[in-house]
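# the sequence and its predicted three-dimensional model are supplied below.
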Amino acid sequence: MRITQRHLIGGALVAATLAFTGCGMMGMSGPSTATNPMSAKQSVPPNASQGTGTVVTTLDKGTRVLRWTVTYSGLSGPVTAAHFHGPAGPGQNAGVVLPFTGNLQSPIQGQATLTDAQMADLVAGKWYANLHTAANPGGEIRGQVTGN
C-alpha cells in the first residue's frame, strides 16, 4: 500500500481528535498525586505554633474524585475543625469549600467528587487545607494545595 500525503494528514487529524476528546491514549490521564507542607507560617495571619503537617491529594481528573490524607503533629491541642478552603492563593483567605468529616486525629483521610468548578480551582492551586484548634480558631496550620 502506498502512503500518500492525504493518508498522513488524515491519520494526524484522527489522532488529534482522539487526543482532544480524551478517547485516545494521548488524551487519557490517570490520577495525579501532590504532596504539600503545612505550617503556621502559611496561616493568614501567621501564628507561633510549632505544629507541622503534610497534605497529600490524589485527583482523578476523569472521575473528578479527590482523595486526601492529612498528617500533622505538634499542634497546640486537638483539631476542632479541618477543611479545604478556596478559591484563594497563598496569603489570602477564603471560605470553606470541602469540610473534613469523621475522625480529625492524624491522619485525616477522605474523598469527595468535585464539581467542574471546584476541580478547576484545585488544579489552579487555589485551594488550601486548614486545621483549626481552640488556641487558633482561625487556623493553626495551613497548606496550599498545588501540583494536581
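Received, thanks.

# make it CA atoms for all contacts and neighbour counts henceforth
Noted.

# what distance separates the start and the end of stretch 138-148?
This stretch, stretch 138-148, spans 26 Å end to end (CA to CA, to the nearest Å).

# who's in contact with that stretch?
If you take CA atoms under 8 Å, 6 or more residues apart in numbering as the criterion, stretch 138-148 is touched by 32-43, 47, 49, 51-55, 57-59, 75, 89-90, 122-133.

# what's the answer for stretch 82-91, then?
Contacts of stretch 82-91 (CA under 8 Å, 6+ apart): 42-44, 93-100, 104, 121, 125-132, 144.

# rerun at 7 Å
Stretch 82-91 has contacts (CA atoms under 7 Å, 6 or more residues apart in numbering) with 44, 94-100, 121, 125-132, 144.

# out of those, which end up buried?
44, 96, 98, 100, 125-132, 144 (16 or more other CA atoms under 10 Å).

# residue 52 and residue 76 touch, don't they?
No: contact status for residue 52 versus residue 76: not in contact, 10.9 Å apart, counting by CA atoms under 7 Å.

# who has more neighbours out of those two?
residue 52 (19 against 16; other CA atoms under 10 Å).

# so what's the more buried one up against?
38-39, 72-74, 141.

# which positions in stretch 45-65 come out as buried?
47, 49, 51-61, 64-65.

# out of those residues, which are inside strands?
Filtering the buried residues of stretch 45-65 for membership in strands, criterion DSSP state E, returns 52-60, 65.

# redo the residues you listed as JSON lines? Include distance to residue 113.
Formatted as JSON lines, those follow (distance: CA to CA, whole Å):
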{"residue": "52", "distance to residue 113": "27"}
{"residue": "53", "distance to residue 113": "24"}
{"residue": "54", "distance to residue 113": "21"}
{"residue": "55", "distance to residue 113": "18"}
{"residue": "56", "distance to residue 113": "16"}
{"residue": "57", "distance to residue 113": "13"}
{"residue": "58", "distance to residue 113": "12"}
{"residue": "59", "distance to residue 113": "10"}
{"residue": "60", "distance to residue 113": "9"}
{"residue": "65", "distance to residue 113": "4"}
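
# ok so, going back, which members of the contacts of stretch 82-91 occur in strands, if any?
Filtering the contacts of stretch 82-91 for strands - DSSP E - leaves 96-99, 127-132, 144.
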